[in-house]
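Engineer: show me the folded form of this:
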Amino acid sequence: MNKSKPIRLVLVDDHEVVRIGLCAVLNLTPGMKVVGQGGRMEDAKKLCYRLKPDLLLLDIRLPDGSGVDAARAILAKCPDTRVLFLTSFADDHTVLEAILSGAQGYILKDIASNALIRAIRTVASGQALIDPRLTKHTVEWLSTVYGESGQSKRSLLSPQEQRLLPLVAKGLTNKEIAHDLRLSEKTVKNYLANIYSKLNIGRRSQIAALYAGSFKGSGALDPSTLNESAKPERARTIPHLNSC
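Structural biologist: Presented below is the predicted three-dimensional model:
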């Protein structure tokens, strides 16, 4: 009887000692294999485009850009790769941006090694997962958006204002939106101010969440699928080796 194929992993974190420790733990775990590692956004994209891993374990802040931007680009070209953010950033805004990138999981770096392994297996199996410590405000807000289907809230906006939603969701700046819609940058700012006022929100990531929640299969993490199987336990020291 053939053994099932191991979960092929790419690790991207700008701290080498973190990568080395993670690599040691995961390569010693049955059913897992680290096939690549790097410390930059460009490393993440190049490694995933070339290796097509089952799962990318990715940090949010990288020296040459955002892990969120890397996730968007990677998932567009490698839809079968799952993205699990492993980071120390716990603010609602960052979590929302990560979820809206299409990533399937978000956990904090003080997670215990055995809980990290469970989280990887959960996300690799096709389930969505978020650190339970982050769910209170973020998931409540997302549930409101998804629960109201997004469409009812979008109906509060004028057709001109609704034109901005997909562009904001893509992460475009006001200047880029103005260019795409052939508007002045001032007009774009006015439309955004109207959107914030009508929807009682104050962040671009919330506009993106509204847009994502308006469509089925948007790729964003659905609050109804959030899973606490990887509830963090007391953090343990991860062993460090010289290489993978």
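Engineer: contacts, neighbours, all on C-alpha from now
Structural biologist: OK.
Engineer: give the other helices and strands that the longest helix that the chain contains contacts.
Structural biologist: Looking across the chain with DSSP state H, the single longest helix is helix 185-199. Judged by 3 or more C-alpha pairs under 8 Å, 6 or more residues apart in numbering; DSSP states H and E, the packing partners of helix 185-199 are helix 159-162, helix 174-181.
Engineer: just those helices: most buried one?
Structural biologist: helix 174-181 (a mean of 16; mean count of other C-alpha atoms under 10 Å).
Engineer: identify the residues contacting that helix?
Structural biologist: Here helix 174-181 makes contact (C-alpha atoms under 8 Å, 6 or more residues apart in numbering) with Leu164, Leu167, Val168, Leu183, Ser184, Glu185, Thr187, Val188, Lys189.
Engineer: can you find the helix or strand of this protein with the lowest average pLDDT?
Structural biologist: Lowest by mean pLDDT, DSSP states H and E among the helices and strands of the chain is helix 135-147, with a mean of 54.
Engineer: where in the protein is pLDDT low?
Structural biologist: 1-3, 135-154, 205, 208-244 (pLDDT under 70).
Engineer: now stretch 76-86 - C-alpha only, PDB.
Structural biologist: Output of stretch 76-86 as PDB, limited to C-alpha atoms (Å, rounded to 0.1, in the frame of the first residue of the first chain):
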ATOM      1  CA  ALA A  76      -3.800  34.200  -9.100                       C
ATOM      2  CA  LYS A  77      -1.100  32.000 -10.800                       C
ATOM      3  CA  CYS A  78      -1.200  29.000  -8.500                       C
ATOM      4  CA  PRO A  79      -4.800  28.400  -7.400                       C
ATOM      5  CA  ASP A  80      -4.000  25.000  -6.000                       C
ATOM      6  CA  THR A  81      -1.500  26.400  -3.500                       C
ATOM      7  CA  ARG A  82      -2.900  27.200   0.000                       C
ATOM      8  CA  VAL A  83      -1.600  30.200   1.900                       C
ATOM      9  CA  LEU A  84      -1.300  30.200   5.600                       C
ATOM     10  CA  PHE A  85       0.000  33.400   7.200                       C
ATOM     11  CA  LEU A  86       2.300  33.000  10.200                       C
END
